[in-house]
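**Q** the following comprises the amino acid sequence and a computationally predicted model.
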Amino acid sequence: MKNLKNIGLIIIGLFICSCSSTEENVFAEPMYFPPNNSSIWETKTITELGWNESKVQPLLDYLELKNSKSFIVLHNGKIVLEYYFNGHTESTPWYWASAGKTLTTAITGIAEEEGYININNKVSDYIGTSWTNAPLAKENLITCKHLLTMTSGLDDTNDQIDAANLNYLADAGTRWAYHGVFFKLQDVVEQATSQNWDNYFNTKLKNPIGMSGIWLASASSENVYWSSTRSMARFGLLSLNQGNWNGAQIINSNFFNNSTSTSQSINLAYGYMWWLNGKTSYHLPQTQFEFNGSIIPSGPADMFMALGKNDQKIYVVPSKKLVIIRMGNAADNETAALSDFDEVLWQKINAVINP
């Protein structure tokens, strides 16, 4: 009788295992990395993941309605959804806008790992004094880390980054304000490495992970990155894997983890130019008001995000092994980074991935 009971328990256990979700089984597979210099990128189906295929079309209809040009969903590195709208193609370049700030973060971390810089050192150690219009004593308070965390204390009423427009407003570290002054980190890297920014970027990040793309100067003198959507997805995949690309540690993992964690006490939802979901409060660009709750309530709590003007998006969700990319024109009104579009988009994504 005891043996029969044990056999029954084994059968029940096997039945439970066989009924475990498809997605859990998929999670056991190793992370996939597409080969460099190739258009090959392995795919995975909605059915394999157990997602809700009937909700895909409403998601795509919403994306097209909201002026999207491209949309990609990766699960564990493989493409599950990839769609292009309004004449955009797999090879068409588009601008990252402020989502590209995270590329500067990555290069800053690489330069620190290689011993060229220390983010706790003041910016003027690398590019000299008078790079702002602030009194020298106040300028010398500004470290590279303050630029990474948007806490330089410089006036954010305009986004011009020439010295005449970088005026003192508060001591570094005491005020969070979204500002293009982060671009000075590219000057820091150039001076510290004695290399052209493009060359260092290409050698240390772009080429090792097989990205396409180019930096182009904007009206405010910032470099803006342009690339294909798949190249943005490659960077998202590198980020999902904490700076590691197929066994090669491109970005120091400790630096990367710090980049995607709360970096200061003023805006809990901000790391090193990565936005963080699931925090108890957040600040938005161009305001000093503190909002309660998560940036995107319908989004996963562990999600971190690269967000750019006119709704350029990299969403990374470690708990679900997801990378989601959206490129296009502004969904509604022109915005610096965040918009109401994020919340509705995540409601529709959830309808697909959480059947």
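**A** Perfect, thanks for sending it.
**Q** can you map out the helices along this protein?
**A** Using DSSP state H, the helices of the chain run over 2-18, 22-27, 46-49, 56-65, 101-113, 124-127, 136-139, 144-149, 184-193, 197-201, 229-240, 253-259, 340-353.
**Q** contact partners for the closest residue to S227 other than its chain neighbours?
**A** Sequence neighbours aside, G213 is the residue nearest to S227 in space, at 3.0 Å (criterion: C-beta to C-beta, 6 or more residues apart in numbering). From N, CA and C alone the C-beta is placed, and that goes for glycine too. By C-beta atoms under 8 Å, 6 or more residues apart in numbering, G213 lies in contact with P93, K206, Y225, W226, S227, S228, S231.
**Q** go again with 10 Å.
**A** Residues in contact with G213 (C-beta atoms under 10 Å, 6 or more residues apart in numbering) are 93-96, 100, 103, 201-202, 206, 225-228, 231-232, 234-235.
**Q** any idea how many residues pack against the residue nearest to V123 when sequence neighbours are not counted?
**A** Nearest residue to V123 in three dimensions, chain neighbours excluded: I142, at 5.3 Å (C-beta to C-beta, 6+ apart). Burial of I142 is recorded as 26 neighbouring residues (other C-beta atoms under 10 Å).
**Q** how near is I142 to S39?
**A** Going from I142 to S39 by C-beta to C-beta, to the nearest Å gives 44 Å.
**Q** could you double-check that the residue nearest to V123 sits in contact with A170?
**A** No: between I142 and A170 there is no contact under C-beta atoms under 10 Å: 11.1 Å.
**Q** okay, and the common contacts of these two?
**A** T151, S152, G153, L154.
**Q** can you report phi and psi for the first one?
**A** Just to be clear, that refers to T151. Reported as degrees, to the nearest 10, the phi and psi values for T151 are phi -120, psi 40.
**Q** which residues touch the spatially closest residue to E113 that is not a sequence neighbour?
**A** Nearest residue to E113, sequence neighbours excluded (C-beta to C-beta, 6+ apart): N252, at 4.4 Å. Residues near N252 by C-beta under 10 Å, 6+ apart: G109, I110, E112, E113, E114, Q242, G243, N258, S259.
**Q** let me know how buried the residue lying closest to I353 once chain neighbours are set aside is, in neighbour terms.
**A** Spatially, and ignoring its direct neighbours in sequence, I353 is nearest to W51 (5.4 Å; C-beta to C-beta, 6+ apart). Neighbours of W51 under the rule other C-beta under 10 Å: 22.
**Q** show me what contacts W51?
**A** By C-beta under 10 Å, 6+ apart, the residues touching W51 are T22, E23, T45, V73, H75, V80, L81, A351, V352, I353, N354, P355.
**Q** how much space between the fourth one and E82?
**A** Yep, that's V73 we're talking about. From V73 to E82 the distance is 8 Å (C-beta to C-beta).
**Q** neighbour count winner among the two?
**A** A count of neighbours by other C-beta under 10 Å puts V73 above the other of V73 and E82, at 26 against 17.
**Q** let me know the pLDDT of E334.
**A** pLDDT for E334: 67.
**Q** can you add mean pLDDT and distance to V316 and give the helices of the chain back as a markdown table?
**A** What follows is the helices of the chain, written out as a markdown table (pLDDT from 0 to 100; distance: least, C-beta to C-beta, whole Å):
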| stretch | mean pLDDT | distance to V316 |
| --- | --- | --- |
| helix 2-18 | 43 | 30 |
| helix 22-27 | 50 | 16 |
| helix 46-49 | 96 | 17 |
| helix 56-65 | 98 | 19 |
| helix 101-113 | 98 | 10 |
| helix 124-127 | 98 | 29 |
| helix 136-139 | 98 | 34 |
| helix 144-149 | 98 | 18 |
| helix 184-193 | 98 | 21 |
| helix 197-201 | 98 | 20 |
| helix 229-240 | 98 | 5 |
| helix 253-259 | 98 | 11 |
| helix 340-353 | 96 | 13 |
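**Q** quick one: closest of those helices to A331.
**A** helix 340-353 (3.7 Å; C-beta to C-beta).
**Q** same for that closest one, what does it pack against?
**A** helix 46-49, helix 56-65, strand 68-75, strand 78-84, strand 312-317, strand 322-328 (3 or more C-beta pairs under 10 Å, 6 or more residues apart in numbering; DSSP states H and E).
**Q** do I have it right that Q191 meets Y116?
**A** Yes: shown here, Q191 and Y116 form a contact pair, counting by C-beta under 10 Å, at 9.2 Å.
**Q** list residues touching both of those two?
**A** Each of Y126 lies in contact with both Q191 and Y116 under the rule C-beta under 10 Å, 6+ apart.
**Q** so which of those two has more stuff around it?
**A** Remark: of Q191 and Y116, Y116 carries more neighbours, 18 against 15, as counted by other C-beta under 10 Å.
**Q** how much space between Q286 and T45?
**A** Look at Q286 and T45: by C-beta to C-beta, they are 42 Å apart.
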